[in-house]
Each structure stands twice: as structure tokens, then as C-alpha cells.
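> Any chance you can model this:
(4 chains)
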Number of protein chains: 2
Amino acid sequence: MGLAKTEMFTDEQNEIAIFAKVFGHPARVSILQHLFKIKSCVCGDLVSEIGLAQPTISQHLKELKYLGLIKGNVEGTRVCYCINVENWTKMKETMLQFINQEVSKTEDCC
Amino acid sequence: MGLAKTEMFTDEQNEIAIFAKVFGHPARVSILQHLFKIKSCVCGDLVSEIGLAQPTISQHLKELKYLGLIKGNVEGTRVCYCINVENWTKMKETMLQFINQEVSKTEDCC
DNA sequence: CTTATTCATCGTAATATTGCAATGAACTAA
DNA sequence: TTAGTTCATTGCAATATTACGATGAATAAG
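Have a look, this model is predicted:
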């Protein structure tokens, strides 16, 4: 199949999985870290920063953009990407709630 | 390919991606939420709780166990799973550092 | 207009993931 | 022993992901 049966899970569970999935590749992690750290908005320098081919980077950027985590701005022949802070904050809340779960302290059988 | 070029990324970036990937499926998110919430340690009830076939759940559990996020304990014919709190905490620190990144406030071109 | 630059898209190959039926292994109950 | 229960593993089909060469679209430079 290779296809997740999303209909049997809650919206929240699917949302967490979708966000997590996009972080599930080191190139996208790297792109996001760059966009956070770099002084001005980085454009296609991502291709030289990271070692992957230009179409590959472009594809990863597309996925990040599709989820709304980054914004792109055309500037002549270049495209300037940066974090979509508002959406990142929303994602953050969802993910933090999942990651920060506390174990209900009862009998531990393991 | 379908194969990430991990050698061109830092250990940290790869680690984040590996953890994120395991959260990238709603079934695994659901399993973890169950293990966090349930009063006593859950065993194979996960199969009836979630709607997937037993081999499918078993496979997801295997991945979670491989990353050390859960522990399994054999009890007769049943197996009791629960969160590996120590490893979960470690994962948490890594992921939080990534998710909590602050945008360096400079010119925003987007 | 011509050429170069930058980036997106298309097409494709290699590999990974998901899901389940069938089966096996380990234990329990009778 | 025999039969039932529970879970892991195997094998396979369907689909998704990753990576990149080739190409196209848009703009800039000459």
C-alpha cells in the first residue's frame, strides 16, 4: 500500500503526523535551520549550502511551502524564502502538546 | 532513489529527521498517545483500539521499539508495551531545540 | 534581440513505506 | 498431548519518497 489509512485517526493525530513527516528528512531540517539562522532571507544559496541538486532542493522547498511553514518571494530571477512565523507558531503548539505528554504515573509493567 | 543522502548532514539533523519520521504516521502517533494516557500498561489491545490489522500494529510497535521510545515486556502470551521515559526525554530535548528555534529578527523579505 | 542566471516542473529510476494474509513461535488451558 | 491465544515474522502488492537530468519560464545583462 504505502498509503496511510488516515480515516481511522483523529484530525489531531493526522496533523501531527503530517508535520512530523515534513521534518522526517535531514535536508528539510537543514533548510529550516538555515532560514532560522541566516541574517537576511536566504534564496537559492540553499543549493550550495546543502549539497543536493537544485531540483531536489526546490522539491523540498515546495513541500515546506505547501504546509505553510515557509514563504517564498520572487525577486527578479531569484526567489527569497523565509519562515512563515505565524504558521510555525501554530505547528509548534500542536507538536509541543504531543512531545510534552506526561506519563500517567501508575504501575509500570516494563 | 527514495534514499536520503544522510552523509551530507550533521548528526543532529539526521537525528531530528529520524525521530520526526517515526512520528510521521498517525498510527504511531496514536499508539504513543495511548501508551501515555492509559492507566495500566497496554498490551495488544492496541489492535482493537486502533483499527489496523495485528501485523500492521506489530510492525509499527517494532519501529517505535527500535528507536527506543517504547519498551516491551513479555507476559505469558501477551506483550506489555510502555513508554521508555528516559529515551523519550532525550528525544524531547533534541526535538524541542529544533521546534523552539527563534527567528533572528532582521529584514524580512517575504 | 541574444545570452546568462535562477528557479520550477517533468519524467524517470531506485528505494522506502504501508498494509495484510499466511504462517510460525511461545505460552496457556484442558 | 491437543487446541486455543497472542504476538512476531515473512512475503508480497500497492503506493510514496528521494534524487537528479533535462527542460521550460521568467527575468536581467549585454
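> what's the burial count for residue A:51?
14 (other C-beta atoms under 10 Å in any protein chain shown). C-betas here are computed from N, CA, C, even on glycine.
> how about it, phi and psi?
Dihedral pair for residue A:51: phi -100, psi 10, per degrees, to the nearest 10.
> Enumerate every residue touching it.
By C-beta atoms under 8 Å, 6 or more residues apart in numbering or on different chains, the contact list for residue A:51 reads B:5, B:8.
> Next: residue A:35.
Taking C-beta under 8 Å, 6+ apart, we find residue A:35 in contact with A:41, A:42, A:70, A:81, A:82, A:83.
> From the residues you listed, pick the one nearest DNA strand C.
residue A:81 (7.5 Å; C-beta to the nearest atom of the strand).
> Confirm that that closest one sits in a strand.
Yes - membership of residue A:81 in a strand is supported by DSSP: H, G, I helix; E, B strand; the rest coil.
> how big is the angle separating the lengthiest helix in chain A from helix B:85-99?
When chain A is parsed with DSSP state H, its longest helix is helix A:85-99. Computed by axes from the mean of the first three to the mean of the last three C-alpha atoms, to 10 degrees, the angle separating helix A:85-99 from helix B:85-99 equals 180 degrees.
> which helices and strands sit right next to helix A:85-99?
helix A:11-22, helix B:26-37, helix B:85-99 (3 or more C-beta pairs under 8 Å, 6 or more residues apart in numbering or on different chains; DSSP states H and E).
> want to throw the contacts of residue A:35 into CSV with neighbour count and pLDDT?
Putting the contacts of residue A:35 into CSV (neighbours: other C-beta atoms under 10 Å in any protein chain shown; pLDDT from 0 to 100) gives the following:
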residue, neighbour count, pLDDT
A:41, 21, 70
A:42, 17, 74
A:70, 23, 96
A:81, 24, 94
A:82, 21, 92
A:83, 21, 94
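> With distance to DNA strand C as extra columns, can I get the residues you listed in a markdown table?
A markdown table is the format used below for the contacts of residue A:35 (distance: C-beta to the nearest atom of the strand, whole Å):
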| residue | distance to DNA strand C |
| --- | --- |
| A:41 | 10 |
| A:42 | 9 |
| A:70 | 10 |
| A:81 | 7 |
| A:82 | 13 |
| A:83 | 15 |
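> want to throw these into CSV with distance to chain B?
Converted to CSV, the contacts of residue A:35 look like this (distance: C-beta to the nearest C-beta, whole Å):
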residue, distance to chain B
A:41, 4
A:42, 10
A:70, 8
A:81, 7
A:82, 4
A:83, 5
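> winner for burial among the helices and strands packed on helix A:85-99?
Highest mean neighbour count of the helices and strands packed on helix A:85-99: helix B:26-37, a mean of 21 (counted as mean count of other C-beta atoms under 10 Å in any protein chain shown).
> Could you look up the next helix or strand downstream of that helix?
Scanning forward in sequence from helix B:26-37 by DSSP states H and E, the next helix or strand is helix B:45-49.
> in that next one, what's buried?
residue B:46 (16 or more other C-beta atoms under 10 Å in any protein chain shown).
> Extract the C-alpha trace of it and format it as PDB.
Output of helix B:45-49 as PDB, limited to C-alpha atoms (Å, rounded to 0.1, in the frame of the first residue of the first chain):
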ATOM      1  CA  ASP B  45      -5.400  -4.000  22.900                       C
ATOM      2  CA  LEU B  46      -3.800  -1.500  20.600                       C
ATOM      3  CA  VAL B  47      -5.100  -3.700  17.800                       C
ATOM      4  CA  SER B  48      -8.700  -3.200  18.800                       C
ATOM      5  CA  GLU B  49      -8.200   0.400  19.900                       C
END
